[in-house]
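Undergrad: Mind folding the following:
(chains A and B)
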Amino acid sequence: MGKLQAVTGNQAVAEAMRQINPDVCAAYPITPSTDIMQRFSQFVADGKVDTELVTVESEHSAMSACIGAVAAGGRVMNATSSQGLALMWEMLHIAAGDRLPIVLALVNRALSAPLNIHGDHSDGMGARDCGWIQLYSENGQEAYDNTIQAVRIAEHEDVRLPAMVCQDGFIISHSIESMEYLDDKVVKDFVGQFKPTHPLLDIDNPVTYGPLVLPDYYMEFKVAQDRAIMNAKKVTLDVAKEFEKISGRSYGLFEDYKLDGAEIVLVVLNSAAGTAKDVIDEYRSKGIKAGLLKPRLFRPFPSAEVAETLKDAKAIAVLDRADSYGGFGPLYMEIAAAMMTNGSKPTLINKIYGLGGRDFFPENAAATLDELKEIAETGKVKNHKEYIGYRG
Amino acid sequence: MSKTIEIRWHGRGGQGTVTAAKVLADACLSTGKNVQAFPEYGPERAGAPLRAYNRISEKELRVHCPVLRPDIIMVADPTLLDSINVLEGAPDNAVLIVNTGKEAKEIRKKTKAKDSQKVLAIDATNISLETIGRNLPNACMLGALTKVTEIVPMDTLLEDIKGSFGSKFSDKIITGNLDAAKRGFEEVKEG
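TA: Purely as a prediction, here's the structure:
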C-alpha cells in the first residue's frame, strides 16, 4: 500500500499521469483542469517522465494531436474541461470511430453562456454520444484510481476506444482530501507497455485511418463500435478485480450503497453522492429503507445490471447535475430506459441540481428522500422533473 | 474526538489563508485523521474577502459542500468584522479566534457572541511582523488554534509548517513562521 496524502483531485490525476508516463500529451489548458497539465508539464520539464508534450493552439488541435499520436503508435493522455471539451467535439467522434485509446481527464465544468467556471456535468453529458468510455469519480481517490484503470480499459484488445475520467470541477479538482497513492512501480507494472495495433509508423505494413465509408459499409463500422464499447463493461470489471489486488479498493460498474432492501433510492453521480451517503446513513438509522446508486461507468451504461439492482425499489429520484432543456436530465433518461428493460416499474422522479457549481447540501438530499417516502406511500407524484437548490 | 470538526476561515486574498487551511490539513493527516481543506472560489483578487474550510475527522469524509455550522471560526483579518457576520451559522459552543490587537472582550462585544461561545484574540499581524517581517498572520493563527483545541499537537504542527515551507522558502521565513506559531500558542487570550 502507498502513503496517505492530502492532495487535490487535480494533483492526484497529475500524479497518476506521471506514474503512467504516456508517450504524448497535448496541452491547451482550461479552468478547472489547468492545474493537471501545469503540474504535468513540470514533470516533463524536470525529466520525471519521457512524455513529448505538444503545446497546441486550441483544444480542437489538442485532440487532433492526440489522435495523430495514438494512431502513430503512442500511449496518449490529455486533460480538459467545459468549452475545451466542446471545442474537441468533432475530434472526439474521430478518436472513437478510429478506435484510438486516448485517456482524457475531464474536470467537469458548466458550459457557457452565461460564463461559469464551476462544476457541473454539462460538458461530459454533452459528449455522451461521442463513443467514448466515461468513468465518473466521487473524489480525488476515485479520479486517481479511475485514471490508472482507464488506461487498461481503453487499451484492451476487445475495446480499443478512448476513455474520459470525470471528476467535479473545484468541488474535487481544487479540494484537498486524504487519499492514497500507489507506488510508482506498482502503477507501471499495472498499466504495462502500450501495444499499438496497426500503428501508422509501421511503414512496412501501411494502413489507412479514417477512410471514406459509404452506405454499403458505414453501418457495419458503427455496429462494431457499439459492440466494442459494450465489451468495456466486462473489461471494466476484470480490470477492477486486478486493481483491487494492488490497491485494496474495490470498484464495479456502479456503487451499490445500502441498496439491500431499499424502498427509496437516490441515483447520483460524483461528489454529491458522497454528501448524500451521509444522509442515507441517517435515514437508515431511523429505520427508513433508503439507499443510493452511484454510476461509475456511464458509457457504456450498464442498463441490465442497474435495472436488476433497482427492481424492488418503490420510488427512485435521479439527480442530474446537467439539464437537457425541454427534456429530462441525461442520467434520468438512462435510468428510465434501464427500468423498462426488465419490466419493473418503480416510480421515477428527476431532480436537476448543482448547475454551475451551485452547492448540494445534505438538506437537499434529505428533502428528496422525504419526497420519495411520500411517493412510496401514496403513489402520487407532484412533479416528474424539478430543479432543486435554486431561488424560485 | 468523536465527531467531525468543521472549521471556517475568513481572510483576504493574498494573506495565506488557503495555505493555512492546507497546512492544518497536512498536520492533521500526520496524526492519522481524515482531512479536507478547500477554499470558496470566486473572482480571485488580492485583498478581497475569502472563505476557506477544513473538516477533520476520525471517519472517512464524504460530504462535499461548504461548512455552514462551523465548530471553529478563524478570522485572519480583523477588518472583516466590520462587513461580515463571522458567527453566521455557528453553534452555541463554537470557538472564534480573531487576529486583532484588541482585547478578546471587545471582540466578543463587537461580534455579539453568545456567552456559551468562546472568543479568543491573538495579535497575529504584529507577531508576524516581528517574527517573519511581513503581515502573514496564519502560522500564528494556527499556533493559537492548537492551544485552544485538541485537533493537532503543537509538535506536529511545527513539523508540518517546516515541511510545507521547507522547499520553497528561506530559513529566515521558516524560522519566522515557527516562532510565530509558538507565540500564537503562548499569547492567545480568551475574553
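
Undergrad: Start from the N-terminal end of chain B and give the helices.
TA: With DSSP state H as the criterion, chain B has helices at B:17-30, B:104-111, B:124-131, B:138-148, B:154-166, B:171-187.

Undergrad: Could you tell me which residues of chain A lie near chain B?
TA: A:4-6, A:117-118, A:138-139, A:168, A:170-172, A:174-178, A:271-272, A:274-275, A:277-278, A:359-362 (Cβ under 8 Å from any Cβ of the partner chain). The way it works is simple: take the backbone N, C-alpha and C, and place the C-beta from them, glycine included.

Undergrad: List the ones among those residues that fall in strands.
TA: Among those, the ones falling in strands (DSSP state E) are A:4-6, A:168, A:176-178.

Undergrad: Angles on the backbone of B:Lys59, please.
TA: The phi and psi values for B:Lys59, taken as degrees, to the nearest 10, are phi -90, psi 160.

Undergrad: which secondary element of chain B has the worst mean pLDDT?
TA: The weakest-scoring helix or strand in chain B, judged by mean pLDDT, DSSP states H and E, is helix B:154-166 (a mean of 87).

Undergrad: chain center to that helix: distance?
TA: 15 Å (Cα atoms, centre = their mean, to the nearest Å).

Undergrad: again, but for stretch B:147-160
TA: 12 Å.

Undergrad: Thought A:Val235 was touching A:Ile153, still the case?
TA: Yes: with contact defined as Cβ atoms under 8 Å, A:Ile153 reaches A:Val235; the gap is 5.3 Å.

Undergrad: on that earlier part again, quick one: which of the ones in strands among the residues of chain A next to chain B has the most company?
TA: The most crowded member of these is A:Asp168, carrying 32 neighbours; neighbours defined as other Cβ atoms under 10 Å in any protein chain shown.

Undergrad: which ones are touching it?
TA: A:9, A:107-108, A:119, A:270-271, A:321, B:64 (Cβ atoms under 8 Å, 6 or more residues apart in numbering or on different chains).

Undergrad: Show me the two of those that sit farthest apart.
TA: A:Gly9 and A:Arg321 (15.6 Å; Cβ to Cβ).

Undergrad: between those two, which one's more packed in?
TA: A:Gly9 (33 against 30).

Undergrad: looking at it, the more buried one is touching A:Gly140, isn't it?
TA: Yes: between A:Gly9 and A:Gly140 there is a contact under Cβ under 8 Å: 4.0 Å.

Undergrad: Quick check: neighbours shared by those two?
TA: Residues touching both A:Gly9 and A:Gly140 comprise A:167, A:172, A:175, A:177, with contact defined as Cβ under 8 Å, 6+ apart.

Undergrad: any idea which of the residues you listed is the one closest to chain B?
TA: Nearest to chain B, judged by Cβ to the nearest Cβ, of the shared contacts of A:Gly9 and A:Gly140 is A:Ser175 at 3.7 Å.

Undergrad: which ones are touching the nearest residue to that closest one once chain neighbours are set aside?
TA: Spatial nearest neighbour of A:Ser175, excluding adjacent residues (Cβ to Cβ, 6 or more residues apart in numbering or on different chains): B:Phe38 at 3.7 Å. When contacts are counted by Cβ under 8 Å, 6+ apart, B:Phe38 is found next to A:174-176, B:21, B:52-53.

Undergrad: still on that earlier bit, just so I know, which of the helices of chain B lies nearest chain A?
TA: Of the helices of chain B, the one closest to chain A (Cβ to the nearest Cβ) turns out to be helix B:17-30, at 4.6 Å.

Undergrad: relative to helix B:138-148, how tilted is that closest one?
TA: 40 degrees (axes from the mean of the first three to the mean of the last three Cα atoms, to 10 degrees).

Undergrad: What lies in contact with helix B:17-30?
TA: A:4-6, A:176, A:178, B:7, B:9-11, B:35-39, B:50, B:52-54, B:56, B:74, B:76, B:138-139, B:141-142, B:145, B:151-152, B:156-157, B:159-161, B:163-164.

Undergrad: what's the answer for stretch B:96-110, then?
TA: Counting by Cβ under 8 Å, 6+ apart, B:72-78, B:81, B:86-87, B:90, B:111, B:113, B:117-126, B:137, B:140-141, B:144-145, B:148, B:188-191 sit against stretch B:96-110.

Undergrad: Filter those residues down to just the buried residues.
TA: Buried by 16 or more other Cβ atoms under 10 Å in any protein chain shown: B:72-78, B:81, B:86-87, B:90, B:111, B:113, B:117-126, B:137, B:140-141, B:144-145, B:148, B:188, out of these.

Undergrad: Now go through those and say which are in strands.
TA: Going by DSSP E, the strands hold B:72-75, B:118-122 from those.

Undergrad: which two in the residues you listed are spaced the farthest apart?
TA: B:Ile72 and B:Ala121 (14.6 Å).

Undergrad: what's the nearest residue to residue 160 if we skip its chain neighbours?
TA: Going with chain A. A:Arg99 (4.5 Å).

Undergrad: Please refer instead to chain B.
TA: B:Ala27 (4.0 Å).

Undergrad: Same check on B:Ile97?
TA: B:Leu120 (4.7 Å).

Undergrad: what does A:Lys258 give?
TA: A:Gly291 (4.4 Å).

Undergrad: Now do the helix or strand harbouring that neighbour: which elements does it pack against?
TA: Assessed by DSSP states H and E, A:Gly291 sits inside strand A:290-295. Contacts defined by 3 or more Cβ pairs under 8 Å, 6 or more residues apart in numbering or on different chains; DSSP states H and E place strand A:290-295 against strand A:254-257, strand A:264-267, helix A:271-285, helix A:303-310.

Undergrad: what about the nearest residue to A:Ser247 once chain neighbours are set aside, is that helix, strand or coil?
TA: In this structure, A:Ser247 finds its nearest non-sequential neighbour in A:Leu182, 6.1 Å apart by Cβ to Cβ, 6+ apart. Under DSSP: H, G, I helix; E, B strand; the rest coil, A:Leu182 falls in the coil class.

Undergrad: quick one: A:Leu182 and A:Phe190, what's the gap?
TA: Between A:Leu182 and A:Phe190 the distance, using Cβ to Cβ, to the nearest Å, works out to 8 Å.

Undergrad: Understood, closing this out.
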